[in-house]
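In: When you get a sec, could you give me coordinates for this:
(chains A and B)
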Protein chains: 2
Amino acid sequence: MNVLMVGTIALDTVETPFGTKTDILGGSSAHAAVAAGFFTKISIVAPVGEDFPQEYLDLLGRHNIDTSKLVKLNGKTFRWSGYYEFDMNQAHTKETQLNVLTEFNPQLDAESRKAEYVFLANLDPDIQLKILDQLESPKLVAADTMDFWIKSKRKALFEVIKRVDYMLINEGEVRMLMETPNIPLAARRLLKLGAKAVIIKKGEHGALLFKDDDHFSVPSYPQEMFKDPTGAGDSFAGGFIGYLAKTDDISDGGVRKALIIGSVMASFNIEDFSMDRMKILKKHEIIDRFGEFARFSKFDALQAIHLGGY
Amino acid sequence: MNVLMVGTIALDTVETPFGTKTDILGGSSAHAAVAAGFFTKISIVAPVGEDFPQEYLDLLGRHNIDTSKLVKLNGKTFRWSGYYEFDMNQAHTKETQLNVLTEFNPQLDAESRKAEYVFLANLDPDIQLKILDQLESPKLVAADTMDFWIKSKRKALFEVIKRVDYMLINEGEVRMLMETPNIPLAARRLLKLGAKAVIIKKGEHGALLFKDDDHFSVPSYPQEMFKDPTGAGDSFAGGFIGYLAKTDDISDGGVRKALIIGSVMASFNIEDFSMDRMKILKKHEIIDRFGEFARFSKFDALQAIHLGGY
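Out: Predicted coordinates for the structure are as follows:
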């Protein structure tokens, strides 16, 4: 199955302890699509300005991404600039230029409306709702968000959360949204409020799935060196939905594997700036790292006899 | 196999959002021993004052703990008082009264010197070294520490780290000790400096084992309600070494299971103040929760065919 993604495409300027890069390809749907493109065909609906480089269109095209549905608007492409300090856990925004993003009001074409796998990357929840209204019979919809929307569009965001199959949110955001420091409690409250499933992204600590009475803990990956965390959450989401669409297996077991694949893709994405690592990533590396995740988290069942009486 | 534990026994006064308790049983070796006592016989070498309540000696005795090697000193028992704020991730110390702890200079008897499984709970690293000097041929020694010793006795602590088989340390401490925010990097550096194996305790995010080229990620447990995190790390260590001693299986697989057992015991310990949860804990609950850890972290191997070309 193909995947429809709606989100942002950005020209990022990023400073980390490993260097500064100007006007590099970024944005929620760009990172997600590049990760997902390793598994299936992706089409992106996102706004770009007149200044969007052909070079980046070509790059996306080489990653199995149909760029023909990008919305070309008059003006400049959305720009974000920010920096990471020594611990690289927190992005600090220096400047956001919304530019064409303010004009983005996507109308899906007939083909996109029929999409079965859909990812609503981080974007204004009002626009995410408009996309949901246009979908005819999606098999699976996942959505992502950020703290900005929790603060400014709480009500619309809750509507999105109720209408999608998998809501992705990071640990700090879910604490903020549910007003409790306890992540499992926050996730369970979100389920009670109508979310079907919640995926908590915890960066270096892995991720957690909460769904009905089920729970899955995605292990952390022991990444000793990374250069740029920008887009980690987006590539996690991209790997997740790309793998689900490829296998068309949305069973609990299929979802667990897809969450590991998401973590694999995020772990690669942060190894270099923008798409620099993804550009040279090979499929056998994905398979090998999946194997590492399996080896690093495997343990045998307990033999109850070992707990025998004293 | 039995386990020898050396550490502190304390009378704690703890404030959490769930209440305040005065002079409750605490201390690194008390929490560790109560957790370990579910699996095998424990003897504790730790100082207590003249005011140490018989009631607590009885409690320890009921938990499979030999208290005959406790060192009774003139004066008052070590006391710690502290509080946890809303997020309960960080203990804030209000007052520490070292009392008899300052006089503690343990001399092991002939039986203790022959101990095969030894846990050096959080304590002055100079004393930990004195214990190591007295052990004849231990099969496995684990040690724990805290930020206070990293700041005040760095050199002695490094000696301990080099001489034990498993060094336990929490995520903030290992970052401080190795002067890097990256946990895997900090752990690898510690191995290069001579540690045989490092276990990083991450609280709600689980734990990590680093050993040679091996790595194991202990999953987090989705604890929605807990009342008092005091002693979580100690009961983790206690469950770990207690289970290892019980099974006498120190293979990589045995160690992984023991780390899960440690997490199980810590997850119970924090459910109530002091030993209140452990006092009523049943073995079948331990087995059930181990099963939850297994279910919450299991995923199938990848079928490489799903990554076939596009």
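
In: Remind me what the helix or strand where A:Leu177 lies packs against, helices and strands.
Out: Here A:Leu177 sits within helix A:171-178, counting by DSSP states H and E. Helices and strands touching helix A:171-178, by 3 or more C-beta pairs under 8 Å, 6 or more residues apart in numbering or on different chains; DSSP states H and E, are helix A:147-152, helix A:183-192, strand A:198-201. C-beta here means a position set from N, CA and C on the backbone, and glycine is covered the same way.

In: would JSON lines of these with mean neighbour count, mean pLDDT and distance to A:Leu302 be doable?
Out: Listed next are these as JSON lines, based on neighbours: other C-beta atoms under 10 Å in any protein chain shown; pLDDT from 0 to 100; distance: least, C-beta to C-beta, whole Å:
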{"stretch": "helix A:147-152", "mean neighbour count": "14", "mean pLDDT": "94", "distance to A:Leu302": "40"}
{"stretch": "helix A:183-192", "mean neighbour count": "20", "mean pLDDT": "96", "distance to A:Leu302": "23"}
{"stretch": "strand A:198-201", "mean neighbour count": "24", "mean pLDDT": "98", "distance to A:Leu302": "27"}
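
In: Same list, those, but as CSV with distance to chain B please.
Out: Putting these into CSV (distance: least, C-beta to the nearest C-beta, whole Å) gives the following:
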stretch, distance to chain B
helix A:147-152, 17
helix A:183-192, 4
strand A:198-201, 10
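
In: what's the average pLDDT for the helix holding A:Leu177?
Out: Per-region confidence: helix A:171-178 scores 95 on mean pLDDT.

In: Of the helices and strands packed on helix A:171-178, which is nearest B:Lys94?
Out: Smallest distance to B:Lys94 across those (C-beta to C-beta): 26.9 Å, for helix A:183-192.

In: and the strand or helix carrying A:Phe236 with chain B, contact?
Out: Using DSSP H and E, A:Phe236 sits in helix A:232-247. Yes - with C-beta under 8 Å from any C-beta of the partner chain as the criterion, chain B is reached by helix A:232-247 at A:243, A:246-247.

In: name the helices or strands packed onto the following helix or strand past that helix?
Out: The helix or strand immediately downstream of helix A:232-247 is helix A:252-269, counting by DSSP H and E. Applying 3+ C-beta pairs under 8 Å, 6+ apart, one finds that helix A:252-269 contacts helix A:28-36, strand A:207-211, strand A:214-218, helix A:232-247, helix A:283-297.

In: buried sites along helix A:252-269?
Out: A:254-269 (16 or more other C-beta atoms under 10 Å in any protein chain shown).

In: just the angle between the helix holding A:Phe236 and helix A:283-297, please?
Out: In terms of direction (axes from the mean of the first three to the mean of the last three C-alpha atoms, to 10 degrees), helix A:232-247 departs from helix A:283-297 by 110 degrees.

In: tell me what helix A:232-247 is packed against?
Out: Packed next to helix A:232-247, using 3+ C-beta pairs under 8 Å, 6+ apart, are strand A:3-6, helix A:28-36, strand A:117-120, strand A:140-143, strand A:166-170, strand A:198-201, helix A:252-269.

In: Quick one: mean pLDDT over the fourth one.
Out: So that's strand A:140-143. On average, strand A:140-143 scores 98.

In: near chain B, which residues of the stretch 101-250 of chain A?
Out: Within the stretch 101-250 of chain A, the positions adjacent to chain B are A:181-185, A:187-188, A:202, A:204-206, A:208, A:210, A:215-217, A:219-220, A:222-225, A:243, A:246-247 by C-beta under 8 Å from any C-beta.

In: give the contact list for the residue nearest to A:Thr180 when sequence neighbours are not counted.
Out: Nearest non-adjacent residue to A:Thr180, counting by C-beta to C-beta, 6 or more residues apart in numbering or on different chains: A:Ala186, 5.1 Å away. By C-beta atoms under 8 Å, 6 or more residues apart in numbering or on different chains, the contact list for A:Ala186 reads A:174-175, A:177-178, A:180.

In: swap the cut-off to 6 Å and go again
Out: By C-beta atoms under 6 Å, 6 or more residues apart in numbering or on different chains, the residues touching A:Ala186 are A:174-175, A:178, A:180.
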